[in-house]
Each structure stands twice: as C-alpha cells, then as structure tokens.
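Participant: after the sequence you'll find the predicted model.
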Amino acid sequence: MRFHLLIKEIELLVNLLQTEYTEKRHELHYTDTAVYKQLLKEQLELIEGLRAKIESQGKES
C-alpha cells in the first residue's frame, strides 16, 4: 500500500518517531526485566524501520 505524504507530514512523523525512539532507549537502559527489555528492543527496531521508510518516501517526493 502506498500513499503520498506532504513534506511537513513526513517531518512531523519522523520527529514523533525520534521522540518515541529516545524514550524507549531511556526506558531500555533502566529496566531490569529481560522480557520487557526484549520487547523494547523489538519496538526500537520497528521504529527504526518505519522511520527509514518514511524518510525514503520524503526523498522520493
């Protein structure tokens, strides 16, 4: 599925994802539970992938 985003929309999404990424990294650093750490790592990977997809669409526009 493809859709078109405006540059301002892309910038906002990337900024929101970066904020969430930073918060998750901080949370990962302070958690002691192995299961929760793994969940956070998986979420970080998803955020990175999504951010890369969104940024690549911005370069195509």
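Facilitator: In hand now; what should we look at? Numbering: from 1, shown residues only.
Participant: sketch out the low-pLDDT regions of this protein for me.
Facilitator: Low-confidence segments of the chain (pLDDT under 70): 61.
Participant: show me where it has helices.
Facilitator: Remark: helices assigned in the chain by DSSP state H are 7-30, 34-60.
Participant: alpha carbons only: can I get stretch 22-39 in CSV?
Facilitator: C-alpha atoms of stretch 22-39 as CSV (Å, rounded to 0.1, in the frame of the first residue of the first chain):
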residue,chain,number,x,y,z
THR,A,22,14.7,8.3,22.5
GLU,A,23,12.1,7.5,25.2
LYS,A,24,12.3,3.7,24.5
ARG,A,25,16.1,3.8,24.6
HIS,A,26,16.0,5.5,28.0
GLU,A,27,13.5,3.0,29.3
LEU,A,28,15.6,0.1,28.0
HIS,A,29,18.6,1.4,29.9
TYR,A,30,16.7,1.5,33.2
THR,A,31,14.6,-1.7,33.0
ASP,A,32,15.7,-4.9,34.7
THR,A,33,13.2,-7.3,33.3
ALA,A,34,14.6,-9.4,30.4
VAL,A,35,11.3,-10.0,28.8
TYR,A,36,10.5,-6.3,28.8
LYS,A,37,14.0,-5.4,27.5
GLN,A,38,13.4,-7.7,24.6
LEU,A,39,10.0,-6.1,23.9
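Participant: residues in contact with Ile54?
Facilitator: When contacts are counted by Cβ atoms under 8 Å, 6 or more residues apart in numbering, Ile54 touches Leu5, Ile10, Leu13, Val14, Leu17. Heads up, the C-betas are built off the backbone N, CA and C, glycines and all.
Participant: please redo it, this time with the cut-off set to 10 Å
Facilitator: If you count contacts by Cβ atoms under 10 Å, 6 or more residues apart in numbering, Ile54 has them with Leu5, Glu9, Ile10, Glu11, Leu12, Leu13, Val14, Leu17.
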